[in-house]
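[1] Just the structure for this:
(one chain, ligands or ions: 2)
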Amino acid sequence: MQALLVIILINAFIFILCALVALSGQFLRQSGEADLTVNKASMRPVRRGQSLLPALAEADVFLPAACGGKGTCGRCEVKVIAGGSAVTPMETILLSPQHLQALSRLACQVKIRQNIEIEVAESLLVAKLLRARLETSQNVAEDIKTLQFSVQGNAELAFKPGQYLQVFYQMPWERVLRAYSISSPASVKNGFSLDVQRVSGGVVSSYLHQLQTGAELEVSGPFGEMFLSDEHVQRPIILVAGGVGLAPLRSILEQLRELGFPQPVWLFHGARSRRNLYCEEYFRDLAGNNGSFSYLPALSNPLLEEGWVGSRGMIHELLEQQHFTDAAAAVAFVCGPTPMMQAVTKVLVAKGLASDRILTDPFDFS
Ligand SMILES: Cc1cc2nc3c(=O)[nH]c(=O)nc-3n(C[C@H](O)[C@H](O)[C@H](O)COP(=O)(O)OP(=O)(O)OC[C@H]3O[C@@H](n4cnc5c(N)ncnc54)[C@H](O)[C@@H]3O)c2cc1C
Ligand code: FES
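    Ligands and ions are numbered 1, 2, ... in the order given. Down below sits the predicted model:
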């Protein structure tokens with residue numbers, strides 16, 4: 001009996017020893033630093049064990065990451081020439097076999113385990129890190145605040161109307177980032193505004209909602225392919241927003257206002273009730289003073305006490321009723337929840353808009 005107990009104890013000791021050796025091996029592999037090479041240039045060494053996306057940010061390379069690194073947006077694509085970890089299931093969904101064969105990877109899915117060499121498209125290297133100070137925070141609708149920031153130092157923010165920034169937020173165990181569209185005009189370069197909807201249980205939107213004036217935060221950018229170009233300005237423009245999807249369209253609209261509305265512009269804004277609709281008075285005044293600009297809001301569930309006499313229903317239904325004289329020549333910018341964007345796109349295509357002239361930016365990557 002005693003001998004059996006001794007054998008069991010020896011076996012348990014050997015098992016614990018093996019587990020400790022395995023764990024320490026894992027720790028040693030993951031700890032320490034690795035060399036990072038980007039487009040053949042040596043960057044400062046980065047910590048092993050983390051993902052490539054935050055490692056690149058440490059090395060001042062800021063990639064678009066609309067989903068915040070969840071591996072669902074596919075925007076953080078790079079080429080890993082040497083030293084990448086195994087391809088993840090998310091990458092096999094978002095990257096084609098041809099892309100994977102050509103060494104494409106999603107930076108948020110690659111783990112730094114050893115020295116790593118990557119290639120990043122030059123067009124992605126324009127984004128920079130800025131420090132921003134909160135100047136004002138204003139409730140503009142139920143659960144939506146417009147936050148006005150100034151850019152610190154002598155830095156300037158050059159962006160195209162419609163683009164977004166990535167806000168960094170330090171949690172106790174990791175630094176997370178979220179995308180927020182710039183709602184201010186691109187002509188203002190020493191500051192910017194964000195329209196932020198507080199998401200129930202949301203980490204960064206809740207943080208931004210309770211931010212006090214004078215507080216500073218870090219943002220990177222600008223990012224995004226949905227922006228107003230010189231070519232678009234020559235065309236009739238249809239803007240369609242759902243809720244806080246109005247944010248990037250406000251920036252586009254301001255640019256068009258500064259240009260004196262060279263072509264007809266329609267702004268459709270869908271919200272649940274009047275308390276979710278924002279900038280209503282401003283847009284009504286703007287439409288009243290500019291014959292080329294039309295403002296068309298619609299509420300899906302107006303409250304009795306709001307006395308709403310305007311359009312009711314979903315925003316794509318109001319869009320469907322609208323007659324555009326030259327729809328085929330128009331360009332559309334659509335922003336909001338994915339189901340709304342799908343319904344709107346269908347209506348626009350049916351009205352004769354070429355699908356490559358319907359620009360969208362989904363807010364929800366889950
Ligand atoms: C290109 C782009 C531009 C964006 N611009 C804006 C903007 O101008 N204003 C703005 O308010 N938001 C914008 N967003 C959404 C924003 O990036 C965040 O996803 C949102 O603020 C939630 O982040 P969170 O940290 O508060 O929530 P999280 O902590 O990430 O999520 C908490 C919970 O909320 C759910 N959730 C996450 N995002 C949303 C959402 N958008 N709607 C409903 N539920 C959600 C999650 O599934 C989770 O259950 C944009 C997103 C993208 C991709
Ligand atoms: S940040 Fe990598 S897929 Fe979205």
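[2] Can you name the residues in contact with stretch 308-322?
    238, 240-242, 266, 268-270, 273-274, 296-300, 302, 336, 340, 343-344, 346-348, 350 (Cβ atoms under 8 Å, 6 or more residues apart in numbering). From N, CA and C alone the C-beta is placed, and that goes for glycine too.
[3] hang on, I meant stretch 258-272
    141, 185, 187, 233-243, 246, 249, 253, 256, 277, 283, 290, 292-301, 314-315, 318-319, 322, 324, 336, 340.
[4] For ligand 1, what's its nearest residue on the stretch 1-150 of the chain.
    Ala66 (3.6 Å; Cβ to the nearest ligand atom).
[5] actually the chain, not the one I wrote
    Gly202 (2.2 Å).
[6] Need the three-state assignment for Gln342.
    When classified by DSSP: H, G, I helix; E, B strand; the rest coil, Gln342 comes out as helix.
[7] Now do it, the pLDDT please.
    pLDDT, Gln342: 95.
[8] just Cys18 next, same as before
    For Cys18, pLDDT reads 46.
[9] repeat for Ala22
    At Ala22, pLDDT is 45.
[10] if you skip the residues just before and after it, what's nearest to Gly74?
    Leu94 (4.1 Å; Cβ to Cβ, 6 or more residues apart in numbering).
[11] That neighbour: how many residues sit nearby?
    Neighbourhood size, Leu94 [other Cβ atoms under 10 Å]: 18.
[12] And for His323?
    Around His323 there are 6 residues (other Cβ under 10 Å).
[13] May I ask you to confirm that it belongs to a helix?
    No - using three-state DSSP, the secondary structure at His323 is coil, not a helix.
[14] Excluding residues flanking it in the chain, which one is nearest Phe261?
    Ser292 (3.9 Å).
[15] if I pick that neighbour, what's in contact with it?
    Phe261, Pro262, Gln263, Pro264, Val265.
[16] mind checking pLDDT for it?
    Listed pLDDT for Ser292 reads 95.
[17] do the same with Met1
    At Met1, pLDDT is 57.
[18] pretty sure Leu299 is touching Gly243, no?
    No - applying Cβ atoms under 8 Å as the test, Leu299 and Gly243 come out as separate, 11.4 Å apart.
[19] what residues does the stretch 1-150 of the chain put near ligand 2?
    Ala65, Ala66, Cys67, Gly69, Gly71, Thr72, Cys73, Gly74, Arg75, Cys76, Leu106, Cys108 (Cβ under 6 Å from any ligand atom).
[20] Would you list the phi and psi of the closest residue to the fourth one other than its chain neighbours?
    With sequence-adjacent residues excluded and distances taken as Cβ to Cβ, 6+ apart, Gly69 is closest to Cys108, at 4.0 Å. In this entry, Cys108 is assigned phi and psi values of phi -70, psi -10 (degrees, to the nearest 10).
[21] ok, Cys108 touching Leu56?
    No - judged on Cβ under 8 Å, Cys108 makes no contact with Leu56 at a distance of 9.9 Å.
[22] Okay, helices next: where are they in the stretch 51-200 of the chain?
    52-58, 89-94, 97-101 (DSSP state H, counting those that start in this stretch).
[23] now the last one: mean pLDDT?
    Regarding helix 97-101, the rounded mean pLDDT is 95.
[24] ok, now the first one?
    Confidence over helix 52-58, taken as the mean pLDDT, stands at 92.
[25] which helices and strands does that helix pack with?
    With contacts taken as 3 or more Cβ pairs under 8 Å, 6 or more residues apart in numbering; DSSP states H and E, helix 52-58 sits against strand 36-38, strand 46-47.
[26] and that helix, which residues are buried?
    Buried residues in helix 52-58, counted by 16 or more other Cβ atoms under 10 Å: Leu52, Leu53, Pro54, Ala55, Leu56, Ala57.
[27] can you list the residues that contact it?
    With Cβ under 8 Å, 6+ apart as the criterion, helix 52-58 contacts 36, 38, 44, 46-47, 62-63, 65, 69, 76, 78, 80, 84, 105, 107-108, 110-112, 116, 118, 120, 129, 168, 174-175, 220.
[28] For the residue nearest to Asn115 when sequence neighbours are not counted, which residues are in contact?
    Nearest residue to Asn115, sequence neighbours excluded (Cβ to Cβ, 6+ apart): Asp35, at 4.2 Å. Residues counted as contacts of Asp35 (Cβ under 8 Å, 6+ apart) are Ser42, Pro45, Asn115, Ile116.
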